[in-house]
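> quick one: sequence plus predicted model below, questions after.
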2 protein chains.
Amino acid sequence: MRVYNFSAGPAMLPADVLKQASDEMTDWAGTGMSVMEVSHRSKEFVACAADAEATMRRLMGVPDDYRILFLQGGAFGQFAGVPMNLTAPGDVVSYVNTGQWSKKAISQARAYDLDVQVVADEAASSYTTVPAPSSIRAAEGSSYLHYTPNETIGGVEFGYVPDVGDVPLVADMSSTILSRPVDVSKFGVIYGGAQKNMGPAGLVVVIVRDDLLGRARSITPNVLNYKLMSDADSMLNTPPTFSVYMLGLILHWVEGLGGLEAMSARNLAKAQALYGAIDGSSFYDNPVAPDARSWMNVPFTLADSALDAEFLSGASEAGLKTLKGHRSVGGMRASIYNAMPMEGVQALIDYMAEFERTHG
Amino acid sequence: MRVYNFSAGPAMLPADVLKQASDEMTDWAGTGMSVMEVSHRSKEFVACAADAEATMRRLMGVPDDYRILFLQGGAFGQFAGVPMNLTAPGDVVSYVNTGQWSKKAISQARAYDLDVQVVADEAASSYTTVPAPSSIRAAEGSSYLHYTPNETIGGVEFGYVPDVGDVPLVADMSSTILSRPVDVSKFGVIYGGAQKNMGPAGLVVVIVRDDLLGRARSITPNVLNYKLMSDADSMLNTPPTFSVYMLGLILHWVEGLGGLEAMSARNLAKAQALYGAIDGSSFYDNPVAPDARSWMNVPFTLADSALDAEFLSGASEAGLKTLKGHRSVGGMRASIYNAMPMEGVQALIDYMAEFERTHG
């Protein structure tokens, strides 16, 4: 029996995509091999990777002067990759701090002999808000400004793209990429781990503007060097072939549903339904400011935390999985990425109402 | 129809493993989810990763004072990871050069302000030999000595483990790990990309002796830092969960066949049969010194290279795939990793004999 999986990542995948991957597992594209077994230099796999790149470019409207790289090491690896590729020692860099993923990025950047300026920090609200657009200004001479459009743990999401003038804007879009349209031309670098909206863990996508290539420090590992990887079509070494294949299947699934506008409408409807259920009850609570609420990750608490364990075990029996909140926050968290259907959100809402009726 | 895939990597996988992965694709371990969808912090996945680690430790006889890490970025990433983790600027390091993969490791090490000493180099034989055991001596004060036990392109393999005294011995075992027993206690660090004998691309296994942890330079990306990853059971960030799962399936497959002694006997028999066919013919030739011939990668040439294309197209029609030699070498290359059965090698030998009969 398939369940509704509310995991923050790795996360639910489209059932049709999993079925296709299963069906093709021993004979892919007429090769008589799994996609995992074919050489990454084979014409079949080169075409597969090129199709994933082209489909992503089309779906997101990635301009011609941006490269799309398929790398390894996760978004966490890019916390180092960004400063290594875009700075020299002593440079000023600006970071916005909206929660735990921002903090990890900031902490890693400090390893690279930089003047790290945290230009906005939502500590005062306990990270339940995002900065006002007018309050985000890059520090003088910044090599880039980095922010986290969606924080999976706090459940806060920017409803806008910061305007930082000519300073390259860098975004960790791991948990929001492909969930709604985005104007890529406003960014210098977009990166994201695949394991929320783009497939299995083990792939990180980096979208980088051409003029930012070629600035890497000599100490940058070749596998994290944007220019070397761009010149090699992301095949300087063996890429994570199965992950790239899965990304392609998912991109075509998104396109088949109508692309990012349609995905945005789906995701907004799911989020509105769930937040509506929480706000309409005095039994459940979400602490995030309404204009900063994430469409992807919805943390909520019960009026009495002593009921948490019973809520979770009942949910699990009802096929509603992985609802436990992050250990640093407690309570519940429902991650409702692209692959979560409205039926899953409705099943959760129904379960919550019934639990409140019997325990409220 | 399944074929025999002689790709150098990504490479053939055991059919039983692929079938299990396919069968479990939408409901793994009774979770109602794919292994790709479950949280890496779930009890099911934590158990899966721990089982892969324990099975690898048992199969390879990894001593208790070694950690087994599951990282990303490939062996190529470790070309940087090794010097970042084991050296300070200005240190002396020793490398053995037996071909193209050695050279890539050496080239990457030069990025880290080291005194890189190439203490043995097989250039004189055009990389068709390995150094004599007595000729491998680490340079005075070396932080480590690095070598490549098997070169996939040249098809040369060490039949012995170099003795370098107290200097930590570091080996890129990507193409030979799990193919035969190895005395892990002789090494400081063993690393290997998964895509030959350990599953799909996207996972690199690092086996590191405890006393070598904690020496990383501050510029080491956290995701490549052995100590941080060891302390976090390789889950500092989201690991490549599907790849770890596949590794586990493959390790159990190896164990079910009798472990590394049995695998060694299988691999030796396959290699002897194929080299025997080549040596018994004046139509085919392998240039590698007999004591340095790889059990995993068997390059060979035809007497008349004008026949290469016809040889390859006929082989492909017979279900013998990916036999074209590396672009830098030409000719043919048969990679016969663990998952290649003797039946596949015999089918190749039969095809070669028939091709020689009709074209010789």
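Received it, and whenever you're ready, just let me know what you need. Residues are numbered from 1 along each chain as shown, chains lettered A, B, ... in the order given.
> just give me how far the one helix or strand A:Phe300 maps to sits from the chain centre.
According to DSSP states H and E, A:Phe300 maps onto strand A:297-302. Centroid separation for strand A:297-302 versus its chain: 19 Å, with Cα atoms, centre = their mean, to the nearest Å.
> after it, next one along is what?
Helices and strands here follow DSSP H and E; after strand A:297-302, the next one along the chain is helix A:308-317.
> so how far is chain B from the nearest residue to A:Ser125 once chain neighbours are set aside?
Closest residue to A:Ser125 apart from its sequence neighbours, by Cβ to Cβ, 6 or more residues apart in numbering or on different chains: A:Ala289 at 7.1 Å. (Each C-beta comes from the backbone N, C-alpha and C, glycine too.) Per Cβ to the nearest Cβ, to the nearest Å, A:Ala289 is found 27 Å from chain B.
> cool, A:Glu122 as well?
Distance from A:Glu122 to chain B, by Cβ to the nearest Cβ: 23 Å.
> if I pick that residue, what's in contact with it?
A:97-99, A:128-131, A:156 (Cβ atoms under 8 Å, 6 or more residues apart in numbering or on different chains).
> now do the SS call for the residue nearest to A:Met84 when sequence neighbours are not counted.
Once flanking residues are discounted, A:Met84 sits nearest to A:Thr220: 4.2 Å by Cβ to Cβ, 6+ apart. The three-state label given to A:Thr220 by DSSP: H, G, I helix; E, B strand; the rest coil is coil.
> quick check: longest helix of chain A.
Using DSSP state H, we find that the single longest helix of chain A is helix A:259-279.
> so what does that helix touch, helix or strand wise?
For helix A:259-279, the packing partners by 3 or more Cβ pairs under 8 Å, 6 or more residues apart in numbering or on different chains; DSSP states H and E come out as helix A:43-60, strand A:284-285, strand A:297-302, helix A:342-359.
> compare those and give me the one nearest chain B.
Nearest to chain B, of all those, is helix A:43-60, at 8.4 Å by Cβ to the nearest Cβ.
> which helices and strands sit right next to the closest one?
Taking 3+ Cβ pairs under 8 Å, 6+ apart as the contact cut, helix A:43-60 packs with strand A:66-71, helix A:241-256, helix A:259-279.
> contacts for the last one, please.
Yep, that's helix A:259-279 we're talking about. A:59-60, A:178-182, A:254, A:257, A:284-286, A:293-296, A:298, A:300, A:334, A:336, A:338, A:340, A:342, A:345-346, A:348-349, A:352-353.
> repeat for the first one
Where contact means Cβ under 8 Å, 6+ apart, the residues beyond strand A:66-71 that reach it are A:49, A:52-53, A:56-57, A:62, A:77-78, A:81, A:184, A:203-210, A:213, A:223-224, A:226, A:229-230, A:234, A:239-240, A:243-244, A:247.
> run the chain-centre distance for stretch A:61-81.
12 Å.
> how about stretch A:135-145?
That offset, for stretch A:135-145, works out to 23 Å (Cα atoms, centre = their mean).
> show me what counts as buried in it.
A:136-139, A:142-145 (16 or more other Cβ atoms under 10 Å in any protein chain shown).
> farthest pair in these?
Farthest apart among those by Cβ to Cβ are A:Ile136 and A:Ser143. That separation is 16.3 Å.
> point out the residues in the stretch 151-300 of chain A that sit beside chain B.
The stretch 151-300 of chain A comes close to chain B at residues A:193, A:195, A:199-203, A:218-224, A:236-243, A:246, as judged by Cβ under 8 Å from any Cβ of the partner chain.
> buried members of these into PyMOL, please.
Selecting the buried subset of those in PyMOL, with 16+ other Cβ under 10 Å as the burial test, is done by:
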select buried, chain A and resi 193+195+199+200+201+202+203+219+220+221+222+223+224+236+237+238+239+240+241+242+243+246
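> and the strands in the stretch 101-250 of chain A?
Shown for the stretch 101-250 of chain A, the strands assigned by DSSP state E, counting those that start in this stretch span residues A:115-121, A:142-147, A:150-151, A:156-157, A:169-172, A:189-193, A:204-209.
> would you list those strands in TSV and tack on mean pLDDT?
Shown next, in TSV, are the strands of the stretch 101-250 of chain A (pLDDT from 0 to 100):
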stretch	mean pLDDT
strand A:115-121	98
strand A:142-147	98
strand A:150-151	98
strand A:156-157	98
strand A:169-172	98
strand A:189-193	98
strand A:204-209	98
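> in JSON lines: those, plus distance to B:Ala109.
Listed next are these as JSON lines, based on distance: least, Cβ to Cβ, whole Å:
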{"stretch": "strand A:115-121", "distance to B:Ala109": "29"}
{"stretch": "strand A:142-147", "distance to B:Ala109": "27"}
{"stretch": "strand A:150-151", "distance to B:Ala109": "38"}
{"stretch": "strand A:156-157", "distance to B:Ala109": "43"}
{"stretch": "strand A:169-172", "distance to B:Ala109": "29"}
{"stretch": "strand A:189-193", "distance to B:Ala109": "27"}
{"stretch": "strand A:204-209", "distance to B:Ala109": "25"}
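> ChimeraX command for the buried members of the contacts of helix A:259-279?
Applying 16+ other Cβ under 10 Å to the contacts of helix A:259-279 leaves a buried subset, and the ChimeraX line that selects it is:
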select /A:59,60,178,179,180,182,254,284,286,293,294,295,296,298,300,334,336,338,340,345,348,349,352,353
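> can you pull out the low-pLDDT segments for chain A?
Filtered on pLDDT under 70, chain A yields no residues whatsoever.
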